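Q: can you look at this prediction? I've put the sequence above it.
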Amino acid sequence: MFFEFKHLKAMNMGYFEHMLISFNYVAILFISAIKALIHSFIPDLFEASTSQCIVEIHNKLESHNARRL
């Protein structure tokens, strides 16, 4: 292999598993960014979406980290 991924070893995770999980975070953050943009123009829409995104990502990270221990 060309690269030795220390992060993957530390997380006890395969390359494609890590990639799929990362893509999931990208999707969550992308949707959250769109909602935040809409909220900036129309403040009554998506009032709590950023907070919900933070909680969702935090819970997913905690879940992934707990499975790795």
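A: On my side now, so go ahead.

Q: how much space between the residue sitting nearest the centre point of the chain and Ala66?
A: Closest to where the C-alpha atoms of the chain average out (C-alpha atoms, centre = their mean) is Tyr25, at 2.5 Å. For Tyr25, the distance to Ala66 (C-beta to C-beta, to the nearest Å) stands at 17 Å. C-beta coordinates here come from the backbone N, C-alpha and C atoms, glycine included.

Q: one step back: list the contacts of the residue nearest to the centre of the chain.
A: Each residue near Tyr25 by C-beta atoms under 8 Å, 6 or more residues apart in numbering is listed here: Ile57, Lys60.

Q: please redo it, this time with the cut-off set to 10 Å
A: By C-beta atoms under 10 Å, 6 or more residues apart in numbering, the contact set of Tyr25 is Glu56, Ile57, Lys60, Leu61, His64.

Q: just put the residues you listed in TSV and tack on neighbour count.
A: As requested, the contacts of Tyr25 are exported to TSV (neighbours: other C-beta atoms under 10 Å):
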residue	neighbour count
Glu56	13
Ile57	15
Lys60	14
Leu61	12
His64	15
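
Q: could you list which of these belong to helices?
A: Using DSSP state H, the subset of these located in helices is Glu56, Ile57, Lys60, Leu61, His64.

Q: now render these as JSON lines, adding pLDDT and distance to Lys6.
A: Output for the ones in helices among the contacts of Tyr25, formatted as JSON lines (pLDDT from 0 to 100; distance: C-beta to C-beta, whole Å):
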{"residue": "Glu56", "pLDDT": "93", "distance to Lys6": "27"}
{"residue": "Ile57", "pLDDT": "94", "distance to Lys6": "23"}
{"residue": "Lys60", "pLDDT": "91", "distance to Lys6": "22"}
{"residue": "Leu61", "pLDDT": "89", "distance to Lys6": "19"}
{"residue": "His64", "pLDDT": "79", "distance to Lys6": "17"}
